[in-house]
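# Here is the input, now give the coordinates:
(one chain, ligands or ions: 1)
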Amino acid sequence: MKIDIVSVFPEYFEVLNLSLLGKAQEKGLVEVTAHNLRDWTHDVHHSVDDTPVGGGAGMVMKPEVWSECLDELLHLEPTTVTCDSTADADDTASADAAEPAESATEIAANADTVPATDRPVLIFPNPSAPLFTQQDATELSHANHLLFGCGRYEGYDARIPQYYRAQGVDVREYSIGDYVLNGGEVAVSVMLEAITRLLPGFMGNAASIVEESYTGENALLEHRQYTKPADWRGIKVPDVLLSGDHAKVDRFRRDEALAKTNKLRPDLIEALDCSKLDKADRKTLMALGWEVSGTHPRQR
Ligand code: 6GU
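Next comes the predicted model:
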């Protein structure tokens, strides 16, 4: 996987040479290059932003600098497009009219069988975009080339994603949560870590990916974990975990995951597919106040 990142603070991404992602780069699994957007400026001040048209506070990143940079990294020739700039104020979604992608659920279900795609994906972190999820990470882990464009200041000119979408590029905009950051750099590191750890060969233990929260079609928060000693400062590990009865241990953990998810993230319970729940799951959910006879659980 080739990963290009464009930012006015490329040094920020030096951290990516550390730890597991650094090892993955050494192994040749990923090749990460951080570029300085100012390298594509021509003025003495290397300016990348300008005042917002229509007024308002802050500065907006200029389209011309970004396009010189992105054309080069995407091997595209500059051109003119006919676009209706009044249409689609919410076209920030990952949906792609030109070539509808396989649904995210399908992709998640076939995570190991989905072929790599040669089409580059251009990703802009944006606090006003849809939330980045595990499904997006899974989907993006199958791309051969990702290009992240980090915005700073009040954002970037809206015509940039619009133009590249019109060029047939798979353009996505994502937020990583409901809070405000100073720029896209932190968000890009978050997305990169979520994506690259899914690459085959990246993690030592592939099974640990399957068991984690937010993965698989029936995503639940993970049960609690313990290690030895069985009694530490007066707090005991639950007996059943020491029983050696694997079926009982699995059931205990599953029930705990259901109870914890019910308490902290009932939205994830509502998203479960009832046909994928076993008898014991249903019994636990019913005891927690859920109706499980329909397609998805419903609060009683
Ligand atoms: Cl992607 N960017 C910025 N600047 N702030 C954010 C964000 C992204 N996601 C949440 N907050």
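# residue ranges for the strands of the stretch 101-250 of the chain, please.
Taking DSSP state E, counting those that start in this stretch as the test, the strands found in the stretch 101-250 of the chain are 121-125, 145-149, 170-174, 231-232, 235-236.
# how far is the first one from where the chain is centred?
Mean C-alpha position of strand 121-125 versus that of the full chain (C-alpha atoms, centre = their mean, to the nearest Å) differs by 11 Å.
# In contact with Leu258, which residues?
With contacts defined as C-beta atoms under 8 Å, 6 or more residues apart in numbering, Leu258 is in contact with Leu220, Ile269, Asp281, Thr284, Leu285, Leu288. (Each C-beta comes from the backbone N, C-alpha and C, glycine too.)
# and what of Val237?
For Val237, the contacting residues are Tyr226, Ala230, Asp231, by C-beta under 8 Å, 6+ apart.
# if we go to 7 Å?
Under the criterion of C-beta atoms under 7 Å, 6 or more residues apart in numbering, the contact list for Val237 reads Tyr226, Ala230.
# and it, backbone torsions?
Backbone geometry at Val237, expressed as degrees, to the nearest 10, gives phi -70, psi 140.
# Then Met203?
Backbone torsions for Met203, taken as degrees, to the nearest 10, come to phi -100, psi 150.
# just the helices in the stretch 151-300 of the chain please.
Assigned by DSSP state H, counting those that start in this stretch, the stretch 151-300 of the chain shows helices spanning 159-166, 185-196, 206-210, 246-264, 266-270, 279-287.
# Closest residue of the stretch 1-150 of the chain to the ligand?
Ranking the residues of the stretch 1-150 of the chain by distance to the ligand (C-beta to the nearest ligand atom) places Pro125 first, at 3.1 Å.
# Show me which residues of this structure are close to the ligand?
Pro125, Asn126, Pro127, Ser175, Ile176, Gly177, Tyr179, Val180, Leu181, Gly183, Gly184, Ala187 (C-beta under 6 Å from any ligand atom).
# about what we covered before: and the residue of the stretch 1-150 of the chain closest to the ligand, what's its pLDDT?
According to the per-residue confidence, Pro125 scores 98 in pLDDT.
# Please name the bridge partners of it.
Judged by DSSP bridges, the bridge partners of Pro125 are Tyr174.
# closest one to Ser47 among the strands of the stretch 101-250 of the chain?
For the strands of the stretch 101-250 of the chain, distance to Ser47 was read as C-beta to C-beta. The smallest value, 16.9 Å, belongs to strand 145-149.
# For that closest one, which helices and strands make contact with it?
Contacting strand 145-149 under the criterion 3 or more C-beta pairs under 7 Å, 6 or more residues apart in numbering; DSSP states H and E are the following elements: strand 2-7, helix 63-74, strand 121-125.
# at 10 Å instead, please
Using 3 or more C-beta pairs under 10 Å, 6 or more residues apart in numbering; DSSP states H and E as the contact criterion, the elements in contact with strand 145-149 are strand 2-7, strand 31-36, helix 63-74, strand 121-125, helix 159-166, strand 170-174, helix 185-196.
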